[in-house]
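K.L.:
Based on what follows, work out the 3D shape:
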Amino acid sequence: MSAVTTARERPSFTPAVPNTIEELGVPDMLVQDLVLRRVMIERTSTLASLSKSLKLSLPVVEFVFRQMRHRQLIEVMGMVGNDYTFMLSGPGRQLATERFQMSQYAGPCPVSLHDYHLATNAQAARIQVNRQKLRQILWDLVLTDSLLDQLGPAVISQAPLFLYGSTGNGKTSIAERLVRLYEDDVLIPYAVEVDNQIIILYDPVVHQKTGTDLEEVDRDPRWVRCRRPCIITGGELVSSMLDLRLDETSGTYAAPLQMKANNGVLVIDDFGRQLIPPRDLLNRWIVPLDRRVDYLMLRYGVKFQIPFELMVVFATNLDPATLADEAFLRRIQNKILVEEVSAGVFDEILRRCAEAFNIPYDQEKAEYLRRLILSEGRTVLRACYPSDVCKILVSISRYEGREPQMTKVDLERAVRLYFARS
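P.N.:
Sure thing, here's the model as predicted:
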């Protein structure tokens, strides 16, 4: 748990509850199709259940219900309090079956692309931070003042960031913690409508929901209150993950990574080791990084613009000059070298790791560990060594049925296990 706790601020964008079908901003037929498919799935439905499932206000659901009842698409079975109980009629089931073949989506009603643009731009991150606050936020990392003084202006600018340097010195650890700088929440739509097509945006795997719907009855329920997203992708990144992906079964599109990361952070870890060639990725994003807009395409050729309102962090242990040309590197304004750690930083990391693993810390043994590491031709200390060695010390103690210790013998065993011999 962080040593710094701050109250989460509410989103700066708060859409009102649409009480008419016109205020939804999406085609009427799309809303009717959602109701048809939902009733078909539920078999017996009520206005309240439709409102909850489709994230629509009761006045909107009641309006569509009356339209469908007038067209004899539903049959009313009775009343539960002030609510109707109903099911599809024969013609209603036939129409629902036809619409179901086109799309099986029967979830929350999408928002319009226009409203998504407004929301994303309104919720663009604004960060004010200094060295002291940055150190408090990154409390669980041991970072030098020099590194903090480079990170500070970079995160304030929200411009793309290149973290580079030798492996094992904390580039990924720094990148994945930058999202802590955001002290407010954002609203993310369940889905976005483009040309009568539905793009699923909210993803519970990467979006951390905050609060409950009952706490926020004054806003449009089609939006989910979440922490600003932080999405990390590494060697598994392929070009298809940056474009819309059509689910043939449901008839809906899945949003690409950069769209899911809007208003947050997207970390490209181990940059240069992806299946997609680095230059292909950089060429794909040369316009978005420069103009903060991206372009996506539906399967049948309709192209549209989305905001690219996120902080992209590239973390790599390769030389940036070998990954990108000068034109692209110019668009990544912030480039920070994360160097090997000094003896003092190494000892502080070891002390914290020992405390976390309940291993008695000894400064003399810390110096001995450094000497062991800097033997047999090794010349640098890395930030990852203390944690990795402490894990091995714990494993040794469990193997021998005793409490973990930081003895010279155990440290020698751990170092022999950890480093490959030439």
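K.L.:
Run a quick neighbour tally on residue 102.
P.N.:
When neighbours are counted by other CB atoms under 10 Å, residue 102 registers 11. Just so you know, the C-beta spots here come from the backbone N, C-alpha and C atoms, and that holds for glycine as well.
K.L.:
correct me, but it touches residue 251?
P.N.:
Yes: assessed by CB atoms under 8 Å, residue 102 is found in contact with residue 251 at 6.0 Å.
K.L.:
Mind jotting down where the helices sit in the stretch 251-400 of the chain?
P.N.:
Listed in chain order, the helices of the stretch 251-400 of the chain (DSSP state H, counting those that start in this stretch) span 257-260, 278-291, 320-323, 326-331, 343-356, 363-373, 385-400.
K.L.:
Just after the longest one, pick out the following helix or strand.
P.N.:
Okay, so that is helix 385-400. Past helix 385-400, further along toward the C-terminus, the next helix or strand under DSSP states H and E is helix 408-418.
K.L.:
what does that next one contact?
P.N.:
Counting by CB atoms under 8 Å, 6 or more residues apart in numbering, the neighbours of helix 408-418 from elsewhere in the structure are 365, 368-369, 372-373, 385, 388-389, 392-393, 396-397, 404.
K.L.:
Need those in a markdown table (columns: distance to residue 290 and neighbour count).
P.N.:
A markdown table is the format used below for the contacts of helix 408-418 (distance: CB to CB, whole Å; neighbours: other CB atoms under 10 Å):
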| residue | distance to residue 290 | neighbour count |
| --- | --- | --- |
| 365 | 51 | 19 |
| 368 | 51 | 16 |
| 369 | 47 | 24 |
| 372 | 48 | 19 |
| 373 | 43 | 21 |
| 385 | 39 | 24 |
| 388 | 40 | 15 |
| 389 | 44 | 25 |
| 392 | 46 | 18 |
| 393 | 49 | 22 |
| 396 | 52 | 19 |
| 397 | 54 | 17 |
| 404 | 51 | 21 |
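K.L.:
Which members of those are the farthest-apart pair?
P.N.:
373 and 397 (20.3 Å; CB to CB).
K.L.:
And stretch 217-225, end to end?
P.N.:
With CA to CA, to the nearest Å as the measure, the ends of stretch 217-225 fall 12 Å from one another.
K.L.:
mind saving the C-alpha coords of the worst-scoring helix or strand of the chain on mean pLDDT as CSV?
P.N.:
The element with the least model confidence among the helices and strands of the chain, by mean pLDDT, DSSP states H and E, is helix 326-331, at a mean of 76. Taking Å, rounded to 0.1, in the frame of the first residue of the first chain, the C-alpha atoms of helix 326-331 are listed here in CSV:
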residue,chain,number,x,y,z
GLU,A,326,15.8,11.0,-36.2
ALA,A,327,12.4,12.1,-37.5
PHE,A,328,10.6,9.8,-35.1
LEU,A,329,12.9,10.4,-32.1
ARG,A,330,12.2,14.1,-32.5
ARG,A,331,8.6,13.4,-31.7
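K.L.:
elements contacting that helix?
P.N.:
helix 278-291 (3 or more CB pairs under 8 Å, 6 or more residues apart in numbering; DSSP states H and E).
K.L.:
where does the helix it packs on sit relative to the chain's centre, distance-wise?
P.N.:
Chain-centre distance of helix 278-291: 20 Å, with CA atoms, centre = their mean, to the nearest Å.
K.L.:
domain assignment for the protein?
P.N.:
The domain map for the chain lists 27-109, 114-123+155-337, 343-418, with the assignment taken from automatic domain parsing.
K.L.:
Take the ones you listed and lay them out in TSV including distance to residue 142.
P.N.:
Shown next, in TSV, are the domains of the chain (distance: least, CB to CB, whole Å):
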stretch	distance to residue 142
domain 27-109	44
domain 114-123+155-337	9
domain 343-418	5
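K.L.:
among these, which is nearest residue 147?
P.N.:
Nearest to residue 147 among these is domain 114-123+155-337 (7.2 Å), distances taken as CB to CB.
K.L.:
first to last residue in that closest one, what's the distance?
P.N.:
Using CA to CA, the gap from the first to the last residue of domain 114-123+155-337 comes to 40 Å.
K.L.:
Ok, stretch 224-231 next?
P.N.:
Between the opening and closing residues of stretch 224-231 we find a distance of 17 Å, counting by CA to CA.
K.L.:
Stretch 210-229 now?
P.N.:
12 Å.
K.L.:
buried stuff in it?
P.N.:
In terms of neighbour count (16 or more other CB atoms under 10 Å), stretch 210-229 has its buried residues at 216, 219, 220, 221, 222, 223, 224, 225, 226, 227, 228, 229.
K.L.:
Hmm, which of those residues is lowest in pLDDT?
P.N.:
When those are compared on pLDDT, residue 216 comes out lowest, with 64.
K.L.:
Return the subset of the buried residues of stretch 210-229 lying in strands.
P.N.:
Secondary structure assignment (DSSP state E) places 223, 224, 225, 226, 227 from the buried residues of stretch 210-229 within strands.
K.L.:
Hmm, the second one is touching residue 204, no?
P.N.:
Read it as residue 224. No: taking CB under 8 Å as the contact criterion, residue 224 and residue 204 are not neighbours in contact, 9.2 Å apart.
K.L.:
can you pull up the bridge partners for the closest residue to residue 232 other than its chain neighbours?
P.N.:
The spatially closest residue to residue 232, leaving aside those adjacent along the chain, is residue 267, at 4.4 Å (CB to CB, 6 or more residues apart in numbering). Residue 267 forms beta bridges with residue 232, residue 313, as assigned by DSSP bridges.
K.L.:
how many other residues sit next to residue 267?
P.N.:
Once other CB under 10 Å is used to define contacts, residue 267 is seen to have 25 neighbours.
K.L.:
pLDDT wise, what is it at?
P.N.:
As predicted, residue 267 sits at a pLDDT of 93.
K.L.:
What are the neighbouring residues in contact with it?
P.N.:
172, 175, 176, 230, 231, 232, 233, 313, 315.
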